[in-house]
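# below is the structure, and that's it, no one-letter string:
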Ligand SMILES: CC(C)(COP(=O)(O)OP(=O)(O)OC[C@H]1O[C@@H](n2cnc3c(N)ncnc32)[C@H](O)[C@@H]1OP(=O)(O)O)[C@@H](O)C(=O)NCCC(=O)NCCS
């Protein structure tokens, strides 16, 4: 029996564990700087909602969202950050149930949900298309402080 509920501050440690499992799965562990202590702080924010999937009282997956302003619409949207189901619990509908919980969360305020999926994640794209999501391609750019400072140091403008 899988239950989905909103995470509380008491979930910080297990959330930290699952975020690291997901990052390891994506070979991106070096980019995770958040820890359980920081999660306790983040979970207290009104714009952050994390949903935890549990089976027999044990966490088996999660999804994290941030509600944020969308200037062109003048309203908010729900930005989905991570979706993760622990390997031994996959392909049993838990990911789909987490996405339905995200939809219910967004439906409370009638706001859209946005998220990214890697171009090479074909199973992910199939999964999201089945849910009725629109899939568009767009490249993302990022500018780390060391890179934009280097730019500023070499530009006259
Ligand atoms: C994606 C994920 C959350 C799906 O969870 P789940 O509980 O297995 O999902 P469901 O049982 O509801 O649905 C299973 C479907 O998800 C698909 N899926 C989507 N992304 C997948 C992924 N990265 N790895 C494996 N299966 C994935 C499965 O292929 C299956 O679809 P199919 O029948 O067309 O093959 C889970 O596979 C996962 O945590 N993967 C690793 C992290 C990840 O890729 N997150 C999404 C990033 S965009």
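Noted; the coordinates are in hand. Just so it is clear, the structure is predicted and the values come from calculations on it, not from any experiment.

# let me see the contact set for the residue in the chain that the ligand sits nearest to.
Nearest residue of the chain to the ligand: residue 95, at 2.4 Å (C-beta to the nearest ligand atom). The way it works is simple: take the backbone N, C-alpha and C, and place the C-beta from them, glycine included. By C-beta atoms under 8 Å, 6 or more residues apart in numbering, the contact list for residue 95 reads 61, 83, 85, 127.

# please flag which of those sit within helices.
Judged by DSSP state H, these include residue 127 as members of helices.

# pick out the most distant pair among the contacts of residue 95.
For the contacts of residue 95, the farthest-apart pair by C-beta to C-beta is 61 and 127; their separation is 13.5 Å.

# which one's more surrounded, the two?
More neighbours surround residue 61 than the other of residue 61 and residue 127, with 24 against 16 (other C-beta atoms under 10 Å).

# am I right that that one is in contact with residue 92?
No. Between residue 61 and residue 92 there is no contact under C-beta atoms under 8 Å: 10.3 Å.
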